[in-house]
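A.B. asks: the following block contains a protein sequence and its predicted model.
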Amino acid sequence: MVWQQVYDPLSNMWLSTLLAAVPVVVMLVGLGFLHMKAHLAAGAGLIAALVIAIFVYNMPADMAGRAAMLGGLTGLLPIGWIVLNIIFLHQLTEKNGSFKILQDSIAGITEDRRIQLLLIAFAFGAFFEGAAGFGTPVAVTAAILIGLGFSPLAASGLSLIANTAPVAFGALGTPVITLAKVHGYDLMEVTAMIGRQLPFFSVLVPFWLIWAFAGRKAMMEIWPAILVTGVSFAIPQYLVSNFIGPELVDIIAAIVSMVCLVGFLRVWQPRNIWRTTTLRGHESGQGETEAPRAVAKHSRADVIRAWTPWAILTVFVFIWGLPSVKAALNGIFNPSFPIDGLDKLIEKMPPVVKQPTKEGAVYVLNLLSATGTGILLSAIVGGLVMKYNPAQLVGQFFKTIYIVRYSLLTIVLMLALGTLTRYSGTDTTLGLAFANTGVLYPFFGTLMGWLGVALTGSDTASNVLFGGMQKVAADQLGLSPNLMGAANSSGGVMGKMIDAQSIVVASTATRWFNHEGDILRYVFFHSIALACLMGIFVTLQAYVWPFHLMVN
């Protein structure tokens, strides 16, 4: 029996929207204000989502349970699988001392913590976003920053803030490719439009990152390095997206940015070295008064050995992200499991889609092609290079499972919550509330993308969820569909830092367990402020000369 989604079950859009928001509010309040452990807050949000879906939206209880189960499985693979294996690699490098050598080698480029952030959190993280996405950049950069001595809040929060501008083209362009494929956008046109929005923020975000870390004065002390980092990322981002395509935007821009920053540091260094590793205004510590720290010198061979596991990781992640490699691995092992009682039994309804459309519910066990598997293999190869024997590797892997057990449970529960809201239609109710804003729609449509990522944890999922609605609303209001499709993805990147999945990845990578609420409270302002700025920019593109000339 097919169940059709209803987006205003109470025949009062205000009340329906308020009730649709209850599960998310329960989880966020539990995390941010009641200081609940993350898995308990996620569990409470999931229970609330089940109650709302079954008793308000009249979703059959067995369908609601199956939707939550599908989300939980997705939480384990691919998301949890990435987190587990990147922490496994980090454990190996810490245990044999190579991470300390890596830390010293980065300090040898610059002891200034602000510039280390630009190099690692922004540029290096953008490379991993482009190659893999789905939590990989935050896991890698937060782990490196905590190893460099940054405080857990700084390492977690700043990694999340930095991982914004690259997200729309993450995982070899997956979000925009999916947007075009699912909702019928022209791939090159919507890619180009995103490439006319994000470069402005690719210049802004590095400034914002250092301001958030060290304050305005400290930011202005290194403005040349920040400008070099942002501009050298933004220009390739614009050129590749407008003239080549979405697949290699982040990878090319990140490499150019890293090379330009390191090259610039050969001819310029800040007058005052900022050595604090805590967040100014949020934690104790004043960088200007700290004594210089002696940086241990290591032989070139030792430094190469210390970087080798991370170089191996980079190679594996890049290879695993190639469509041809994924296709080959999926040809070997890629079983699909349609969820009985859910698959093709739920229909999305207008105005979200032009005509009733059945929702698929298939779990794909793409274990071989999953990014986490590439990370696991890189960790094994790196471990053997670091002289671990197979028995030690197995022992360390099971120890890592124990370390991240609650984080994995949290990810499972949060993905269960997000998937249930998608199949029950509650997230669509929230999206429609944004869609009914008339002339202000370019601003609120952008925030719809932000909401989608905050709810689902994925720019790809947000584009699937709201991409069709953006197209319908744009046509009704006489706006460019490409503009609003792009705005959904560009606005969504700002929601990446507050989605529960990313916050758990960050807390796990920094071993700051049970502090997810602290991270959420810190990054929330930055997320909503940047999303609003993106909304204002899209509104200017829609209505104000010369921005309208940038619209197809």
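C.D. replies: Sure thing, it's come through. Residues are numbered from 1 along each chain as shown.

A.B. asks: low-scoring stretches of the stretch 51-200 of the chain, by residue?
C.D. replies: Along the stretch 51-200 of the chain, segments meeting pLDDT under 70 are nowhere present.

A.B. asks: go again with 80.
C.D. replies: Low-confidence segments of the stretch 51-200 of the chain (pLDDT under 80): 78-79, 83, 99, 102-104, 106-108, 131-135, 172, 182-184.

A.B. asks: which parts of it are helices?
C.D. replies: Listed in chain order, the helices of the stretch 51-200 of the chain (DSSP state H, counting those that start in this stretch) span 61-74, 81-95, 98-109, 113-117, 125-131, 136-147, 152-162, 170-183, 187-214.

A.B. asks: any chance of those helices in TSV, with distance to His515 too?
C.D. replies: For glycine as for every other residue, the C-beta is placed from the backbone atoms N, C-alpha and C. Output for the helices of the stretch 51-200 of the chain, formatted as TSV (distance: least, C-beta to C-beta, whole Å):
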stretch	distance to His515
helix 61-74	23
helix 81-95	16
helix 98-109	22
helix 113-117	20
helix 125-131	21
helix 136-147	12
helix 152-162	7
helix 170-183	26
helix 187-214	18
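
A.B. asks: ok, which of the ones you listed comes nearest Asp302?
C.D. replies: With C-beta to C-beta as the criterion, Asp302 lies closest to helix 98-109 of the helices of the stretch 51-200 of the chain, at 5.5 Å.

A.B. asks: which ones are touching Gln103?
C.D. replies: Taking C-beta atoms under 8 Å, 6 or more residues apart in numbering, we find Gln103 in contact with Gly147, Leu148, Gly149.

A.B. asks: please identify which of these is nearest to Phe122.
C.D. replies: So of the contacts of Gln103, ranked by how close each gets to Phe122 (C-beta to C-beta), first place is Leu148, at 14.6 Å.

A.B. asks: setting aside sequence neighbours, what's the nearest residue to the closest one?
C.D. replies: Distance criterion C-beta to C-beta, 6 or more residues apart in numbering; nearest residue to Leu148, sequence neighbours excluded, is Gln103 at 5.0 Å.

A.B. asks: again with Ile235
C.D. replies: Pro199 (7.3 Å).

A.B. asks: and the contacts of Gln103 as JSON lines, adding neighbour count and distance to Met534?
C.D. replies: Output for the contacts of Gln103, formatted as JSON lines (neighbours: other C-beta atoms under 10 Å; distance: C-beta to C-beta, whole Å):
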{"residue": "Gly147", "neighbour count": "18", "distance to Met534": "32"}
{"residue": "Leu148", "neighbour count": "20", "distance to Met534": "30"}
{"residue": "Gly149", "neighbour count": "17", "distance to Met534": "33"}
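
A.B. asks: any idea how far Ser105 is from the nearest residue to Asn334 once chain neighbours are set aside?
C.D. replies: Spatial nearest neighbour of Asn334, chain neighbours left out: Asn366 (5.1 Å); criterion: C-beta to C-beta, 6+ apart. Computed with C-beta to C-beta, to the nearest Å, the distance linking Asn366 and Ser105 is 36 Å.

A.B. asks: then Arg521?
C.D. replies: 34 Å.

A.B. asks: of those two, who's got more company?
C.D. replies: A count of neighbours by other C-beta atoms under 10 Å puts Ser105 above the other of Arg521 and Ser105, at 19 against 16.

A.B. asks: indicate which one of the helices of the stretch 51-200 of the chain is closest to Phe513.
C.D. replies: Nearest of the helices of the stretch 51-200 of the chain to Phe513, taken as C-beta to C-beta: helix 152-162 at 9.7 Å.

A.B. asks: any low-confidence regions in the stretch 301-450 of the chain?
C.D. replies: 321, 352, 354, 431, 434-435.

A.B. asks: residues in contact with the residue nearest to Ile235?
C.D. replies: Counting by C-beta under 8 Å, 6+ apart, Pro199 makes contact with Ala234, Ile235, Gln237, Tyr238.

A.B. asks: quick revisit: residues contacting the residue nearest to Asn334?
C.D. replies: Contact analysis of Asn366 by C-beta under 8 Å, 6+ apart lists Leu77, Pro78, Lys326, Leu329, Asn330, Phe333, Asn334.
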